[in-house]
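[1] Here is the input, now give the coordinates:
(chains A and B)
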Amino acid sequence: DAKTTQPNSMESNEEEPVHLPCNHSTISGTDYIHWYRQLPSQGPEYVIHGLTSNVNNRMASLAIAEDRKSSTLILHRATLRDAAVYYCILIKAAGNKLTFGGGTRVLVKP
Amino acid sequence: DTEVTQTPKHLVMGMTNKKSLKCEQHMGHRAMYWYKQKAKKPPELMFVYSYEKLSINESVPSRFSPECPNSSLLNLHLHALQPEDSALYLCASSQEVGSPGLMNTEAFFGQGTRLTVV
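    Numbers count the residues shown, from 1 in each chain, chains lettered A, B, ... in the order given. All right, here's what the predicted structure looks like:
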């Protein structure tokens, strides 16, 4: 299975954008890129997903490199509530396994 | 209702006890999952149920016994646990399994049951 690599931690100031990188150089053509986050003392929650094109939703944007070997989750204006561990996960076509890697711990400073 | 409800929120049990964790969802999801999460670590998949049948067991010890009595309920029966089994146990559900599976949908997680084995 293809693996993902993320920085262990990142810091941001409140109301500034946050760019979270994810490397997935062995991604296969049918792997979807998903992002989940886990706020303190809560279960993980879905953030966004995509296959080839960039995606936007109310929570974030997902920028996918043209060769799909990397992607970036963009939080446009970080708030204190965005402090969490963010996980980049690859899901195979017709797959039903959500396998979490190390994730990036995001600290948002007021 | 997009909630996955887990009970109890906290559980302390002795190594000779038998207890059960409960998970409920009313979103009509046909896939349900159990995860185990140790402190400062990512969640680890334990079991996947698809249409109330066990489809994935990630080599979990038999002292953990899952059960899916109907499409809305998922239980995890615990027996003869060890202190190292103390962790946060998370339940999740998703709409579909098989094709197209999780690839184009999202999973919903409960807040977990924090288990302490003494």
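[2] A:Lys97: which element?
    When elements are assigned from DSSP states H and E, A:Lys97 belongs to no helix and no strand.
[3] Enumerate every residue touching the residue lying closest to it once chain neighbours are set aside.
    The shortest distance from A:Lys97 to any non-neighbouring residue, by C-beta to C-beta, 6 or more residues apart in numbering or on different chains, is to B:Leu45 (6.3 Å). The way it works is simple: take the backbone N, C-alpha and C, and place the C-beta from them, glycine included. If you count contacts by C-beta atoms under 8 Å, 6 or more residues apart in numbering or on different chains, B:Leu45 has them with A:Lys97, A:Leu98, A:Thr99, B:Tyr33, B:Trp34, B:Tyr35, B:Ile56, B:Glu58.
[4] Which single residue of chain A ends up nearest chain B?
    In chain A, no residue comes nearer to chain B than A:Gly43, which is 3.2 Å away by C-beta to the nearest C-beta.
[5] Run a quick neighbour tally on that residue.
    22 (other C-beta atoms under 10 Å in any protein chain shown).
[6] May I have the beta-bridge partners of the residue nearest to it when sequence neighbours are not counted?
    Leaving aside its sequence neighbours, A:Gly43 sits nearest to B:Phe109 (C-beta to C-beta, 6+ apart; 3.2 Å). Taking DSSP bridges as the rule, B:Phe109 bridges to B:Ala92.
[7] just B:Leu73 next, same as before
    Following DSSP bridges, B:Leu73 is listed with bridge partners B:Glu24, B:Asn70.
[8] wait, it sits on B:Leu21?
    No: using C-beta atoms under 8 Å, B:Leu73 is not in contact with B:Leu21; the gap is 11.4 Å.
[9] higher neighbour count, those two?
    In terms of neighbours (other C-beta under 10 Å), B:Leu21 is the more surrounded of B:Leu73 and B:Leu21; the figures are 23 against 14.
[10] ok, the closest residue to chain A within chain B - how many residues close by?
    For chain B, the residue closest to chain A is B:Phe109, as judged by C-beta to the nearest C-beta, at 3.2 Å. Neighbours of B:Phe109 under the rule other C-beta under 10 Å: 24.
[11] give the contact list for it.
    By C-beta under 8 Å, 6+ apart, the contact set of B:Phe109 is A:Gly43, A:Pro44, A:Glu45, B:Val4, B:Tyr35, B:Leu90, B:Cys91, B:Ala92.
[12] So which of these are in strands?
    Among the contacts of B:Phe109, the ones falling in strands (DSSP state E) are A:Glu45, B:Val4, B:Tyr35, B:Leu90, B:Cys91, B:Ala92.
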